[in-house]
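> How does the following fold in three dimensions:
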Amino acid sequence: MKIIIFGANEIGSMIAGEFYTDNDITVIDEEKNKSDAFNKLDVGFVAGNASGIEVLKQAGIKSADVFIACTNSDELNIVACLTAKKLSRVKTLCFVRKEEYKSSLGIAKEADYNCDFYIDNVIWPEELLTQEIFRIITVAKALDVENFASGRARLLEYKIGKNSPLINKMLKNCEFPKDTLIVGITRDSKLFIPNGNSTLQEDDKVIFMGLSHSLNILAGKFFHEKEFVKSVTIIGGGNVGLKLAKSLESLKLNVKIIERDEERCNFLSQELNNVLIIHGDGTDLELLNEEDIASSDVVVSVTNNDEKNLLCSLLVKHLGAKRVISRVSKNTNAALFEQVGIDIAISSKTASLNEIKNNIRDTNIGILATVEQGQGEVLEIELPQNYITQKIMDIKPPAKAIVGVVQRRNRIIIPNGATMVSSGDNLIIFTTSENAPVIKNFFEEAK
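Okay, the predicted model is just below:
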């Protein structure tokens with residue numbers, strides 16, 4: 001695979017270092033921005049600005065499979081990706097720092113009108129960081145994880161424990177979060193496709209598909225470890241703190257945010273309904289004592305300053321906090337934080353690298369994944385141009401299968417029986433391996 005990276009910074013070197021051994025990597029940037037890490041890698045380098053057509057051509061954009069723009073400028077990344085898309089059929093991945101760019105580019109990409117002038121995947125590292133912290137806080141114990149649709153949809157497998165509230169419940173009576181589906185159950189080592197009347201039993205291994213965020217909510221609600229998290233304190237009310245609080249709020253946890261900026265506190269109080277907003281400094285030992293922050297099950301420090309996060313984390317750890325999670329901006333700081341006693345240090349760059357890997361891996365077609373030692377398969381099937389629009393409930397395949405995800409252009413839909421599918425839609429279908437050939441033939445004959 002030919003991969004072009006625009007940005008010779010830390011995240012660019014991490015991406016290049018991950019993929020250079022098995023792929024053809026070319027890096028574009030000004031020579032002055034090139035970090036020392038690139039000198040150790042066997043990659044090509046083109047000096048210049050990737051928003052320029054000639055620079056992209058020099059890097060071989062027309063034969064490239066993936067173009068990743070990860071400079072420190074949102075505007076440069078956006079222009080470079082759009083220019084690359086105009087010159088070739090390359091898959092574009094664009095890093096942005098501003099939420100409004102993520103939102104607006106996502107709307108443009110998911111528009112119903114035909115347009116080739118769009119960015120395939122917009123990566124907002126703060127959002128990925130928030131999702132990862134949320135998963136850690138909720139302590140989901142997944143047996144298997146597969147990512148689809150550039151990480152926006154997932155397959156997760158969990159075991160039903162002896163104290164689970166789901167035991168002896170029919171699926172149609174389980175209050176699972178919106179945009180999640182159970183597509184398979186393994187019982188006594190045998191995988192089967194369930195229906196609404198299927199009843200869950202202790203030790204069942206249950207396979208879910210759904211939107212990534214919805215599955216995070218599911219994990220926190222039903223698949224905690226024995227020690228449930230009941231209270232969380234967040235130091236820092238920026239984008240990460242706000243989004244994390246919203247997710248935790250949906251689980252009805254006791255959440256506090258400490259934020260030093262009074263105006264930001266007022267904004268947070270308008271955005272959050274059941275979160276205590278504390279105006280103060282997370283490095284203020286007296287404040288931490290007064291608010292009994294150490295009694296929280298988890299304390300998370302997510303300011304945008306590594307030194308402050310480290311100090312806040314050390315203070316609450318000193319006061320006796322059970323579990324402390326700290327954000328690090330520089331990836332090299334993560335090991336240092338953990339060496340001095342911070343329980344978990346998380347870098348948004350590491351989360352971004354994982355997202356890149358998921359995006360690149362999702363270029364496969366046909367069988368996207370196998371589960372349960374090959375007993376189950378996830379198929380991707382594109383409906384042909386002459387396919388007659390119909391409801392999913394009216395599709396009558398000759399063997400059991402569940403449509404878990406519908407990809408319509410760049411929209412991701414978790415369907416139900418009434419969802420309409422039509423020509424050009426990509427269906428991600430879960431079935432047993434023995435039924436997979438029958439399902440594929442069924443849709444092949446529809447062409």
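
> In its sheet, which strands sit next to the helix or strand hosting Leu181, and in what direction?
In the assignment (DSSP states H and E), Leu181 maps to strand 180-187. Here strand 180-187 is paired, per DSSP bridges, with strand 190-192 (antiparallel), strand 205-211 (antiparallel).

> what sits up against that strand?
155, 171, 176, 191-194, 198, 200-201, 203-211, 214-215, 218, 371-372, 375-376, 402, 404, 414, 430, 432 (CB atoms under 8 Å, 6 or more residues apart in numbering). Where C-beta positions appear, they are placed from N, C-alpha and C, glycine not excepted.

> Out of these, name the ones that lie in helices.
214-215, 218 (DSSP state H).

> per-residue confidence for the residue nearest the centre of the chain?
Centroid check for the chain by CA atoms, centre = their mean gives Gly151 as the closest residue, at 5.1 Å. Looking at Gly151, its pLDDT is 76.

> just checking, it touches Ile356?
No: counting by CB atoms under 8 Å, Gly151 sits too far from Ile356 to count as a contact (9.5 Å).

> Now do the SS call for the most far-flung residue of the chain relative to its centre.
Distance from the C-alpha centroid of the chain, by CA atoms, centre = their mean, peaks at Glu286 (37.3 Å). Put simply, Glu286 is helix when judged by DSSP: H, G, I helix; E, B strand; the rest coil.

> where do the helices sit along this protein?
Using DSSP H, helices in the chain cover 10-19, 53-59, 74-87, 99-109, 125-138, 212-222, 239-249, 262-271, 285-290, 306-318, 333-339, 348-361, 436-444.

> out of those helices, nearest to Leu41?
Among these, helix 10-19 comes nearest to Leu41, with 5.5 Å by CB to CB.

> same for that closest one, what does it pack against?
strand 2-6, strand 24-29, helix 348-361 (3 or more CB pairs under 8 Å, 6 or more residues apart in numbering; DSSP states H and E).

> Tell me which of the ones you listed sits most buried.
Mean neighbour count, computed with mean count of other CB atoms under 10 Å, is highest for strand 2-6 among these, reaching a mean of 26.

> domains of this protein?
Here the domain parsing of the chain from automatic domain parsing is 2-123, 140-222, 231-347, 365-444.

> so how far does the third one reach from one end to the other?
Counting by CA to CA, to the nearest Å, the length from the leading to the trailing residue of domain 231-347 is 23 Å.

> now stretch 310-329
End residues of stretch 310-329 are separated by 11 Å (CA to CA).

> what's in contact with that stretch?
129, 133, 136-137, 233, 235-236, 240, 282-283, 285, 288-289, 293-294, 296-306, 309, 333-334, 337, 340-348.

> chain center to it, what's the gap?
In terms of CA atoms, centre = their mean, to the nearest Å, the gap separating the centre of stretch 310-329 from the centre of its chain is 25 Å.

> just stretch 33-49 next, same as before
On CA atoms, centre = their mean, the centre of stretch 33-49 falls 28 Å from that of its chain.

> can I get the ones in helices among the contacts of strand 180-187 in JSON lines with pLDDT, distance to Lys159 and neighbour count?
Output for the ones in helices among the contacts of strand 180-187, formatted as JSON lines (pLDDT from 0 to 100; distance: CB to CB, whole Å; neighbours: other CB atoms under 10 Å):
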{"residue": "Ser214", "pLDDT": "89", "distance to Lys159": "20", "neighbour count": "19"}
{"residue": "Leu215", "pLDDT": "87", "distance to Lys159": "16", "neighbour count": "25"}
{"residue": "Leu218", "pLDDT": "87", "distance to Lys159": "14", "neighbour count": "20"}
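
> how about the residues you listed in a markdown table, adding distance to Val66?
Formatted as a markdown table, the ones in helices among the contacts of strand 180-187 follow (distance: CB to CB, whole Å):
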| residue | distance to Val66 |
| --- | --- |
| Ser214 | 27 |
| Leu215 | 26 |
| Leu218 | 31 |
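
> Tell me the one of those residues nearest Leu93?
Once CB to CB is applied, the member of the ones in helices among the contacts of strand 180-187 that ends up nearest Leu93 is Leu215, at 22.1 Å.

> Could you report the neighbour count for Lys230?
Lys230 has 12 neighbouring residues, counting by other CB atoms under 10 Å.

> my guess is it meets Val298, correct?
No: taking contacts as CB under 8 Å, Lys230 lies outside contact range of Val298: 9.6 Å.

> ok so, going back, just the buried ones among the contacts of strand 180-187, please.
155, 171, 176, 191, 193-194, 198, 200, 204-211, 214-215, 218, 371-372, 375-376, 402, 404, 414, 430, 432 (16 or more other CB atoms under 10 Å).

> now the chain, which segments are flagged as low pLDDT?
Along the chain, segments meeting pLDDT under 70 span 106-117, 138-143, 224-228, 358-359, 361-367, 373-374, 446-447.

> Go again with 50.
Across the chain, residues meeting the criterion (pLDDT under 50) sit at 113-114, 140, 226, 362-365.

> Thr26 and Asp42 touch, don't they?
No: between Thr26 and Asp42 there is no contact under CB under 8 Å: 11.5 Å.

> roughly how far apart are Ile5 and Ile439?
Distance, Ile5 to Ile439, by CB to CB, to the nearest Å: 38 Å.

> residue contacts, the nearest residue in space to Arg408 that is not next to it in sequence?
Closest residue in space to Arg408, ignoring its immediate chain neighbours: Asp425 at 5.3 Å, by CB to CB, 6 or more residues apart in numbering. By CB under 8 Å, 6+ apart, the residues touching Asp425 are 382-383, 406-408.
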